[in-house]
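Novice: Prediction below, plus the sequence it came from.
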Amino acid sequence: MISLPMIMVALLFSLLFLKMFSSSKRNKSCLSYPPSPPSLPIIGHLHLLKPLIHQAFKDLSHKYGPIILLKTGSVRFVVVSNPSLAKEFLKENELTYSSRTMNMAINIVTYHDSTFAFSPYDTYWKFMKKLSTSELLGSRTLSQFLPIRTRELHGFIRSLAEKSMANESVNLTEMLMKLSNNIISQMMLSIKSSGTDSQAEEARVLVREVTKIFGEFNVSDFLEFLKVLDLQGFKKRAMQIHKRYDALLEKIISDRENLRKNKGCDDDDDNKVKDFLDVLLDVSDDKDSEVELTRNHIKSFILVSPQSKETQDCFTAATDTTAISVEWSIAELFNNPRVLKKAQEEVDRVSGNQRLVCENDTSNLPYIHAIIKETLRLHPPIPLLMRKGINDCVISGYNIPKGSILCINIWAMARDPTIWDSPLEFRPERFLEGQGNALDIKGQHFELLPFGTGRRGCPGMPLAMRELPAIIGALVQCFDWNMFDSKEKLLDHGIPIDMDERPGLTAPRAHDLICIPVARLNPIPFLQL
Ligand code: HEM
């Protein structure tokens, strides 16, 4: 039988429990939000978002601290520019911040919810992530595609050597984009932009348009009530890009399907290295596959699946980022002749100038590796890591509501003198001396996150880190440069080239790199073409 004292004790515990529960709830709701600049009615902080958004965020962080909250209409951004806070969000609360967000343009161009890079952290994403890291971008597949990368690099060096002999200028920005695009389009679709095959060229033009529109500022993304009006014509443009992209991919995929149907049991074809499209079509044909891969999934994965403004899917992610990194490296080397000379000495030592430096040399090129780290530190091609919080959480004593868009400003962290000595100086030696030696770019060191970190980190890093040393190594081995400034005037000796950035999804140089390659040696006898 239940006695009165037992009822009293039970009541007491219930009251205590209720009190604890209500006070913990009150404590959480009493927590403040991160600091915020003054805002305007209706538009909130919209007027503070300038086209080079990572630069605008850095200025705001300077004034309001390493974590700030901005509201624009219905959207809430949390901007972070400090490694320990970045770690708290991305490592200690990884599952809360493993999703991304889509703006209107991304949504339209990437087949609505079919995208990988913008997808929430769900079964589809996990399946595609496994497929990317094992089948598509795994070390066996990357090795199988080495001959393609070598052939393309040699073709690129040959074109530069010919221009050098003719003392003609080149648009290095365009040539690098083309090189990257040719490599990735062959790995993914077995097409390249040459001769009559203009599909890769068309894809290259589309990639630029896609990254541009993803990074452009669309007021309707922030102010819900403007969505129907499409004041800037975004929706219309996004739909046109989508239509062109869809037509191109539809053609490529149906050609491939026909080829697969007609293949029969041709042994030669069975021995051929499978490109990404074949792997994706195999999965989509597999009735027992864990996830049903639709045609839209395939199309979206191929072109645009990275980083919300963040990342495109494979094509856009890979082409732009790799080309941009090489371009910034060459611009920095031009502005820092001391570093260029050391790089040339290292490459000459390794290759003996009896052959072109190659991917297999990269473990013997520590200074080139340090140049790559220093370039990615100062010029991360993706300057903001963007994730969406799927739950409420408390970070550093601040209340961070569910649905907030997290922007980790890796660009600003690279310029913070409390994190780096002389941060604006291009000094690769910082990664070869003392503690800098241990700093890597794999997402463990939160002051240096060019490829992001954790589950949503870049799956293309192994490919990029094979390509970059070989391309930069070959360029410094074969050429010096006479550069033109942004007004197309040849720069006098010792005058640095400008390092302005262009707004967009990624952070490329504002002006194309136009230069005359000056041969250090004749590479043509070394080329395997
Ligand atoms: C220098 C070259 C590159 C840089 C600096 C870079 C950087 C990044 C960054 C910062 C992210 C977001 C990571 C995060 O949120 O934590 C990302 C995502 C991504 N990258 Fe890269 N990337 C590069 C090359 C590539 C290549 C070569 C590919 C593919 C072949 C690729 C495919 C992707 C994809 C698919 C995502 C989205 C992953 C997801 O959301 O789960 N990237 N990249």
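Specialist: Received the coordinates, thanks. Residues are numbered from 1 along each chain as shown.
Novice: residue boundaries of the strands in the stretch 301-450 of the chain?
Specialist: Assigned by DSSP state E, counting those that start in this stretch, the strands in the stretch 301-450 of the chain fall at 384-388, 393-395, 398-400, 405-409.
Novice: Throw these into TSV and include distance to residue 511, thanks.
Specialist: For every residue, glycine as well, the C-beta is placed using N, CA and C. Formatted as TSV, the strands of the stretch 301-450 of the chain follow (distance: least, CB to CB, whole Å):
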stretch	distance to residue 511
strand 384-388	22
strand 393-395	39
strand 398-400	39
strand 405-409	24
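Novice: Relative to residue 161, which of those strands is closest?
Specialist: With CB to CB as the criterion, residue 161 lies closest to strand 384-388 of the strands of the stretch 301-450 of the chain, at 38.1 Å.
Novice: which residues touch that closest one?
Specialist: Contact with strand 384-388 is made by 53-54, 57, 86, 89-90, 97-101, 120, 307-310, 403-411, 449, 452-453, 456, as judged by CB atoms under 8 Å, 6 or more residues apart in numbering.
Novice: Report the buried members of those.
Specialist: 53-54, 57, 86, 89-90, 97-101, 307-310, 404-411, 449, 452-453, 456 (16 or more other CB atoms under 10 Å).
Novice: In helices only, show me those residues.
Specialist: Among the buried ones among the contacts of strand 384-388, DSSP state H puts 53, 54, 57, 86, 410, 411 in helices.
Novice: wait, isn't the last one in contact with residue 380?
Specialist: What that stands for is residue 411. Yes: Residue 411 lies in contact with residue 380 (CB atoms under 8 Å); the separation is 5.8 Å.
Novice: residues shared between the contacts of these two?
Specialist: residue 507.
Novice: what about the helices in the stretch 51-200 of the chain?
Specialist: With DSSP state H, counting those that start in this stretch as the criterion, the stretch 51-200 of the chain has helices at 53-64, 83-87, 104-109, 123-131, 139-144, 146-165, 172-189, 199-215.
Novice: Between these, which has the poorest mean confidence score?
Specialist: Lowest mean pLDDT of the helices of the stretch 51-200 of the chain: helix 104-109, a mean of 64.
Novice: residues touching the nearest residue to residue 163 once chain neighbours are set aside, list them.
Specialist: Excluding the flanking residues, the one nearest residue 163 by CB to CB, 6 or more residues apart in numbering is residue 170, at 5.0 Å. Residue 170 sits next to 159, 160, 163, 514, 515, 516, 517 when contact means CB under 8 Å, 6+ apart.
Novice: Could you identify the most distant pair in the residues you listed?
Specialist: Across the contacts of residue 170 (CB to CB), the longest gap, 14.9 Å, separates 159 and 514.
Novice: Quick check, residue 260 in contact with residue 281.
Specialist: Yes: contact criterion CB under 8 Å: residue 260 and residue 281 qualify, at 6.7 Å.
Novice: okay, these two: which has more neighbours?
Specialist: Set residue 260 next to residue 281 and count neighbours by other CB atoms under 10 Å: residue 281 wins out with 19 against 14.
Novice: Next one: that one relative to the ligand, how far apart?
Specialist: Distance of residue 281 to the ligand, computed by CB to the nearest ligand atom, to the nearest Å: 18 Å.
Novice: Residue 259 is in contact with that residue, correct?
Specialist: No: between residue 281 and residue 259 there is no contact under CB under 8 Å: 10.3 Å.
Novice: where does the stretch 251-400 of the chain have low pLDDT?
Specialist: Across the stretch 251-400 of the chain, the ranges flagged by pLDDT under 70 are 264-271, 303-319.
Novice: which residues of it fall in helices?
Specialist: Under the criterion DSSP H, counting those that start in this stretch, the stretch 251-400 of the chain contains helices at 267-271, 276-285, 295-302, 314-335, 337-351, 366-378.
Novice: Within the helices and strands, which one has residue 34?
Specialist: Assigned by DSSP states H and E, residue 34 belongs to no helix or strand.
Novice: Please tell me I have it right and it contacts residue 78.
Specialist: Yes: with contact defined as CB under 8 Å, residue 34 counts as touching residue 78 (6.3 Å).
Novice: Need the overlap of contacts for these two.
Specialist: Counting by CB under 8 Å, 6+ apart, the residues touching both residue 34 and residue 78 are 67, 68, 69, 400.
Novice: Among those, name the ones that also lie close to the ligand.
Specialist: Contacts with the ligand within the shared contacts of residue 34 and residue 78, counted by CB under 6 Å from any ligand atom: none were found.
Novice: Of the strands of the stretch 301-450 of the chain, which is nearest residue 494?
Specialist: strand 405-409 (33.1 Å).
Novice: Partner strands of that closest one and their direction?
Specialist: Counting by DSSP bridges, the strands paired with strand 405-409 are strand 75-80 (parallel), strand 384-388 (antiparallel).
Novice: Ok, which of these comes nearest the ligand?
Specialist: With CB to the nearest ligand atom as the criterion, the ligand lies closest to strand 384-388 of those, at 4.5 Å.
Novice: How far does that closest one sit from its chain's centre?
Specialist: Chain-centre distance of strand 384-388: 11 Å, with CA atoms, centre = their mean, to the nearest Å.
Novice: Next, the angle from it to helix 53-64.
Specialist: With axes from the mean of the first three to the mean of the last three CA atoms, to 10 degrees applied, the angle from strand 384-388 to helix 53-64 works out at 80 degrees.
Novice: Is any residue of strand 384-388 near the ligand?
Specialist: Yes: applying CB under 6 Å from any ligand atom, one finds that strand 384-388 is in contact with the ligand at residue 385.
Novice: Now do the buried residues in that strand.
Specialist: For strand 384-388, by 16+ other CB under 10 Å, it's 384, 385, 386, 387, 388.
Novice: who does the residue nearest to the first one when sequence neighbours are not counted bridge with?
Specialist: Setting aside the residues directly before and after it, residue 384 is nearest to residue 407 in space (CB to CB, 6+ apart), at 4.7 Å. For residue 407, the residues forming beta bridges with it (DSSP bridges) are residue 79, residue 386.
Novice: Which pLDDT value goes with residue 407?
Specialist: In this model, residue 407 carries a pLDDT of 95.
Novice: now residue 192
Specialist: With respect to pLDDT, residue 192 has a value of 69.
Novice: and if you look at the one 5 residues further on?
Specialist: Per-residue confidence (pLDDT) for residue 197: 54.
Novice: now residue 242
Specialist: In this prediction, residue 242 carries a pLDDT score of 82.
Novice: That one: neighbour count?
Specialist: 21.
Novice: the inter-axis angle of the helix or strand hosting it versus helix 172-189?
Specialist: Following DSSP H and E, one finds residue 242 within helix 234-263. If you take the same axes, to 10 degrees, helix 234-263 sits at 50 degrees to helix 172-189.
Novice: Number the residues from 533 up from this point.
Specialist: Renumbered: residue one is now 533, and that last one reads helix 766-795.
Novice: Which positions in stretch 1029-1048 come out as buried?
Specialist: Result for stretch 1029-1048 [16+ other CB under 10 Å]: buried residues 1029, 1031, 1033-1041, 1043-1048.
Novice: Noted, bye for now.
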